[in-house]
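Asks: quick one: sequence plus predicted model below, questions after.
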Amino acid sequence: MYRVKHRRWKIAQFAERWWWKIYISKKDPSQYRQWKQAYWLNVLQKIGYQKDDFCGRIADIGCGPNGIFQLFEKSHQISLIDPLLDAYMLYDTFNKPSKSQLFSMQIEDFGGKIDHEFVFCFNAINHMLDMQKALQKMVKILSKNGTLILSCDVHNWYLLHQIFRFIPWDVLHPHQITKKEMDSLLTHHGLTIKQCRQLNKKPIFSEYVWICTKSEA
């Protein structure tokens, strides 16, 4: 259920690359970076955090060309992991963090043994080939007392959820999931959900963000 066919995932990745290329080409790089930083600060505020609350090493999974990593470009050790990272680095809007390691690959294939105090995964988990394996790797690279902050668009309506699962109208997102399924997936992989907040609601999807820690053994 949480692994899609490789062909469907490759189509989604192609569409993702094409979408970002068109979208970014219309933006002034400096203005867009400023807007995006303000956007991420607002997201943190909505979930009860400030930029200065984050200490230690950070991973941004499925970071895209302008993920939350850009708030910490000069102040943190950062791991960026995204299968399209090689393409994103060519965009004028992309600022490589000065203290960073870049991995243009799926998180499912990541073999690094670095522990991270904070792992971010914003709007990326439902883009991945294998959600189960992706979460396993995120938990693996999370330090003992670390925090996973993950967001995902989930379906508002059961009937549409079932239709979208079998008819790929939402090409960019090969996985279609409900909030209940996401809750279960996180706890199944050894995570304790400290809080879950709705960031926004649209007619078909709502975006939620989960703040999780590793469950005590």
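Replies: Good, I have the coordinates.

Asks: all contacts plus neighbour counts: C-alpha atoms, from now on.
Replies: Will do.

Asks: so where's the longest strand in this protein?
Replies: Taking DSSP state E as the criterion, the chain has its longest strand at strand 142-155.

Asks: what comes up buried for it?
Replies: For strand 142-155, the neighbour count (16 or more other Cα atoms under 10 Å) marks Leu142, Ser143, Gly146, Thr147, Leu148, Ile149, Leu150, Ser151, Cys152, Asp153, Val154, His155 as buried.

Asks: likewise stretch 74-87?
Replies: His76, Gln77, Ile78, Ser79, Leu80, Ile81, Asp82, Pro83, Leu84, Leu85.

Asks: and for stretch 21-40?
Replies: Neighbour counts over stretch 21-40 (16+ other Cα under 10 Å) mark Ile24, Pro29, Arg33, Lys36, Gln37, Trp40 as buried.

Asks: ok but Asp60 is inside a strand, no?
Replies: Yes. The assignment for Asp60 is a strand, going by DSSP: H, G, I helix; E, B strand; the rest coil.

Asks: my read: Gln50 touches Asn42, true?
Replies: No. Look at Gln50 against Asn42 with Cα atoms under 8 Å: they stay out of range, at 9.1 Å.

Asks: mind listing the strands for this structure?
Replies: Ranges of strands in the chain, per DSSP E, are 58-61, 78-81, 100-103, 116-122, 142-155, 191-201, 205-214.

Asks: using CSV, lay out these together with distance to Asp183 and mean pLDDT.
Replies: Formatted as CSV, those follow (distance: least, Cα to Cα, whole Å; pLDDT from 0 to 100):
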stretch, distance to Asp183, mean pLDDT
strand 58-61, 19, 96
strand 78-81, 23, 95
strand 100-103, 28, 92
strand 116-122, 15, 96
strand 142-155, 11, 94
strand 191-201, 8, 94
strand 205-214, 9, 94
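
Asks: can you put those in TSV and add distance to Ala134?
Replies: Shown next, in TSV, are the strands of the chain (distance: least, Cα to Cα, whole Å):
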stretch	distance to Ala134
strand 58-61	10
strand 78-81	11
strand 100-103	15
strand 116-122	10
strand 142-155	12
strand 191-201	14
strand 205-214	15
